[in-house]
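*Asks:* Fold the following and give me the result.
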Amino acid sequence: MGLFHGTPGGGVQELPWSQFGKSVGAVALLPDASQEGLWLGFSDGGVSHFKDGRVLASYTSVDGLGAGKVTHLRRDEQDTLWAATEGGLSRIRDGRILTLATKNGLPCDVVHWSIEDDDQSVWLYMPCGLLRVARSELEAWVKNPERTIHSTVFDGSDGVRTRGAAGAYGPRVTKGPDGKIWFTAFDGITVIDPRHLPHNDFPPPVHIEQITADDHVYDATAVRDGRLRLPQRVRDLAIDYTALSLVAPDKVRFRIKLEGQDRDWRELGNERQVRYTNLPPRNYRLLVKACNNSGVWNEEGAVLELTIPPAFHQTTWFRALFVAAAAALLWAAHRIRIGVLEGRQLLLGRHEAEVTALNERLMDAQEEERTRIAGELHDGVLQQLTTVTVDLGTLKYQIAPGSPAKTEIASVQKKLIEIGTDIRHLSHELHSAQLREAGLTQSLSSYCAEFSKTRGIRVSCEVDSEVKELAPRAALALYRIAQEALGNIAKHAKAKEARVRLERSDGVVRLTVADDGTGFVPARAGDSGGVGLVNMRERVRQFNGTLEIESQPGRGTTIRAEVPVGSG
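*Replies:* You can find the predicted model right below:
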């Protein structure tokens, strides 16, 4: 089976449901006068627009359409399509779909059909009754899809059959020329005249009956001044209210607002009790309104003032006292912490001063020991070597020419002279007399020149003549660092060239020693007994200076030592 299309020639064309992407048939059909073609609603859900043998548009619950069977389609004066579904009333316009359901105030979700009367109110036939919704309510809902609409419900008590819609096919509803609405029910045809409906113009009187606070009941009708004072620390609050309506008491609807707690009105339907939990202590104003079966609201409603007094720990003075006590404790903790830190800083300062004094004494002792050793080497060992060398020269001339002994004595004499030369250089390095007499710049230049001659490594030396304000201790430290660095180059670097630079910049005196040797990994300097580097760091540390080492295997080494001007 499928959709049957009558051709102008009197023939009938059958379009199978598979052409619409469906395996079951459509149960709702609506011609589209503006866009032409047909709108179809299917029994397994979904709406399609069909024209010229093609489906131009298709919508399902995934797109926001009401779920389940589509039982009726209607187009209003604004060319908007309305689909009655088992999941609510869906509005389709310009590809945008909105669905009105119980979350928006409908008494149930299933909608059999919808129709608009001559007064622009929309009627919905549902299993739970026949609803009338003003167009203004629908327009407000379209602007805010989360909004709750207000409607009038006609059910069995009003003579409306609500057991279900009759038949699977339509039309199920129509409107006569006189404005009356005719629709099929399960047991016949029902007619309703929207302009001649019984209307209850009397708003129901509203009463707040009782307040239950933590199982203690208070008679609200006995409150004389309109204010009820509740006990402290109320956890559960139940409010019972009612509205008198002899016509249809089950159709009375309520809205309530507890000012001080609720931001907006709460729509409670026919519920006659509302509960609140864990209300903070303050003054509240309870407002209750109700409407009758015809939607006439009692706007004055009922009002009751409620007061929940604060417990002692909830009062302003207690909170202020607590804040003050907490602030005092924090201040005390802060002062104690400051005292501890100051004590530690004092001890650390004393410790650092002691360490600095100890380092200075060690350095002084080292220099004294260097001077003593230099003196012993020069006045003792070197003099003895000189005497032995002279004695060997005398002995050499007493031996007959051509004797092998004479050649051996000459060889020993040459080695002794070389040893004496080395001892003389060592004595010179150990003794800093020239530094005290000539100053750092001249002493460093002289040492670099002598180093180039004796060690076979070309050393370029640049010194800043402005380096004049260093104390003797600081000058000695930089001089020893230069000696240590050049000594390491000669022993380990296998370098061809070294560069020494002494300059003053930004309040510091900077010594830089660089070479083009083999380099090393600074982090592994200790693996080969890098005592020299340790000594360099200790020398600058006692003057609050810094030592930087830059080196990579195969790319040489740069040592940079800085001490503040005036230190020492």
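
*Asks:* Please spell out which residue in this protein sits farthest from the middle.
*Replies:* Residue farthest from the centre of the chain, counting by CA atoms, centre = their mean, is residue 400 at 99.6 Å.

*Asks:* Surely it is within a strand?
*Replies:* No. Assignment of residue 400 by DSSP: H, G, I helix; E, B strand; the rest coil gives coil, placing it outside any strand.

*Asks:* Where is the longest strand in this structure?
*Replies:* strand 297-307 (DSSP state E).

*Asks:* how is this structure carved up into domains?
*Replies:* Following automatic domain parsing, one gets these domains for the chain: 2-192, 206-311, 315-431, 439-564.

*Asks:* Regarding the first one, how distant is the last residue from the first?
*Replies:* Using CA to CA, to the nearest Å, the end-to-end distance of domain 2-192 comes out at 35 Å.

*Asks:* Pull the distance from that domain to the chain's centre.
*Replies:* When C-alpha coordinates are averaged (CA atoms, centre = their mean, to the nearest Å), domain 2-192 and its chain have centres 47 Å apart.

*Asks:* what is the rounded mean pLDDT of that domain?
*Replies:* Per-residue pLDDT over domain 2-192 has a mean of 86.

*Asks:* I'd assumed residue 459 was in contact with residue 448.
*Replies:* Yes. Taking contacts as CB atoms under 8 Å, residue 448 lies within contact range of residue 459: 4.6 Å. Any C-beta I mention is one placed from the backbone N, CA and C, and that applies to glycine too.

*Asks:* neighbouring contacts of stretch 246-259?
*Replies:* Contact with stretch 246-259 is made by 153, 157, 200, 204, 239, 241, 243, 245, 262, 264-272, 274, 276, 284-293, 306, as judged by CB atoms under 8 Å, 6 or more residues apart in numbering.

*Asks:* which of those residues count as buried?
*Replies:* When the contacts of stretch 246-259 are checked for burial by 16 or more other CB atoms under 10 Å, the buried set is 153, 200, 204, 239, 241, 243, 245, 268, 272, 274, 276, 284, 286-293, 306.

*Asks:* mind checking which helix or strand residue 261 is in?
*Replies:* For residue 261, there is no host helix or strand (DSSP states H and E).

*Asks:* now it: how far from residue 548?
*Replies:* Note on residue 261: its distance to residue 548, by CB to CB, to the nearest Å, is 68 Å.

*Asks:* Looking at those two, which is more packed in?
*Replies:* residue 261 (15 against 12; other CB atoms under 10 Å).

*Asks:* roughly how far apart are the more buried one and residue 206?
*Replies:* Taking CB to CB as the measure, residue 261 falls 19 Å from residue 206.

*Asks:* and what of residue 511?
*Replies:* Using CB to CB, residue 511 is found at 96 Å from residue 206.

*Asks:* Which of those two has more residues huddled nearby?
*Replies:* Taking other CB under 10 Å, residue 511 and residue 206 do not tie; residue 511 has more neighbours (27 against 22).

*Asks:* ok, the more buried one touching residue 560?
*Replies:* Yes. Look at residue 511 against residue 560 with CB under 8 Å: they come within range, at 7.3 Å.

*Asks:* So which bits of stretch 233-243 are buried?
*Replies:* Within stretch 233-243, the residues that count as buried by 16+ other CB under 10 Å are 234, 237, 238, 239, 241, 242, 243.

*Asks:* ok, so of those, who is nearest residue 347?
*Replies:* The shortest approach to residue 347 among the buried residues of stretch 233-243 belongs to residue 234, at 58.0 Å (CB to CB).

*Asks:* Provide a list of residues in contact with that closest one.
*Replies:* Counting by CB under 8 Å, 6+ apart, residue 234 has contacts 213, 214, 279, 308.

*Asks:* secondary structure class for it?
*Replies:* coil.

*Asks:* now do residue 322
*Replies:* helix.

*Asks:* Distance-wise, check it relative to residue 311.
*Replies:* As judged by CB to CB, residue 322 and residue 311 stand 13 Å apart.

*Asks:* do residue 289 as well
*Replies:* 33 Å.

*Asks:* same check, this time on residue 552
*Replies:* Shown here: residue 552 relative to residue 311, a distance of 73 Å by CB to CB.

*Asks:* again with residue 281
*Replies:* Applying CB to CB to residue 281 and residue 311 gives a distance of 7 Å.

*Asks:* any common contacting residues for the two?
*Replies:* Joint contacts of residue 281 and residue 311 (CB under 8 Å, 6+ apart) are residue 232.

*Asks:* Looking only at neighbour counts, state which of the two leads.
*Replies:* Between residue 281 and residue 311, residue 281 has the larger neighbour count (other CB under 10 Å), namely 15 against 12.

*Asks:* now that one, what's its secondary structure?
*Replies:* Assignment for residue 281 (three-state DSSP): coil.

*Asks:* Can you read off the pLDDT for the residue nearest to it when sequence neighbours are not counted?
*Replies:* Residue nearest to residue 281 in three dimensions, not counting chain neighbours: residue 310, with 3.8 Å by CB to CB, 6 or more residues apart in numbering. Predicted confidence (pLDDT) for residue 310: 87.

*Asks:* from the buried residues of stretch 233-243, which is closest to residue 472?
*Replies:* Among the buried residues of stretch 233-243, and counting by CB to CB, the member closest to residue 472 is residue 234, at 84.8 Å.

*Asks:* And the pLDDT for that closest one?
*Replies:* 88.

*Asks:* Now do the buried residues in stretch 80-90.
*Replies:* If you call a residue buried by 16+ other CB under 10 Å, then stretch 80-90 has these buried ones: 81, 82, 83, 84, 85, 87, 88, 89, 90.

*Asks:* So, low pLDDT: which residues of the stretch 451-568 of the chain?
*Replies:* Counting by pLDDT under 70, the stretch 451-568 of the chain shows low-confidence ranges at 468-469, 525-531, 567-568.

*Asks:* And the spatially most central residue of the chain, which helix or strand is it part of?
*Replies:* Residue closest to the average C-alpha location in the chain (CA atoms, centre = their mean): residue 330, at 29.5 Å. Taking DSSP H and E as the criterion, residue 330 maps to helix 316-376.

*Asks:* Number of residues surrounding residue 189?
*Replies:* When neighbours are defined as other CB under 10 Å, residue 189 has 9 of them.

*Asks:* Not counting sequence-adjacent ones, nearest residue to it?
*Replies:* residue 182 (6.2 Å).

*Asks:* Buried residues, whichever strand or helix holds that neighbour. List them.
*Replies:* Per DSSP H and E, residue 182 falls inside strand 181-185. Within strand 181-185, the residues scored as buried using 16+ other CB under 10 Å are 181, 183, 184, 185.

*Asks:* Tell me which two in the residues you listed are the farthest apart.
*Replies:* Farthest pair in the buried residues of strand 181-185 (CB to CB) is 181 and 185. Separation: 12.4 Å.

*Asks:* nearest to residue 415, of the buried residues of stretch 233-243?
*Replies:* Distances from residue 415 to those, taken by CB to CB, are shortest for residue 234, at 109.2 Å.

*Asks:* ok, now how distant is that closest one from residue 223?
*Replies:* Distance of residue 234 to residue 223, given as CB to CB: 16 Å.

*Asks:* now residue 211
*Replies:* Distance from residue 211 to residue 223, by CB to CB: 9 Å.

*Asks:* And those two? Which one has more around it.
*Replies:* More crowded of residue 211 and residue 223, by other CB under 10 Å: residue 211, with 22 against 16.

*Asks:* Am I right that that one is in a strand?
*Replies:* Yes. Checked against three-state DSSP, residue 211 lies within a strand.

*Asks:* What residues are recorded as beta-bridge partners of it?
*Replies:* Beta-bridge partners for residue 211, by DSSP bridges, are residue 218, residue 239.

*Asks:* Pull the contacting residues for it.
*Replies:* 217, 218, 220, 228, 230, 237, 238, 239, 240, 304, 306.
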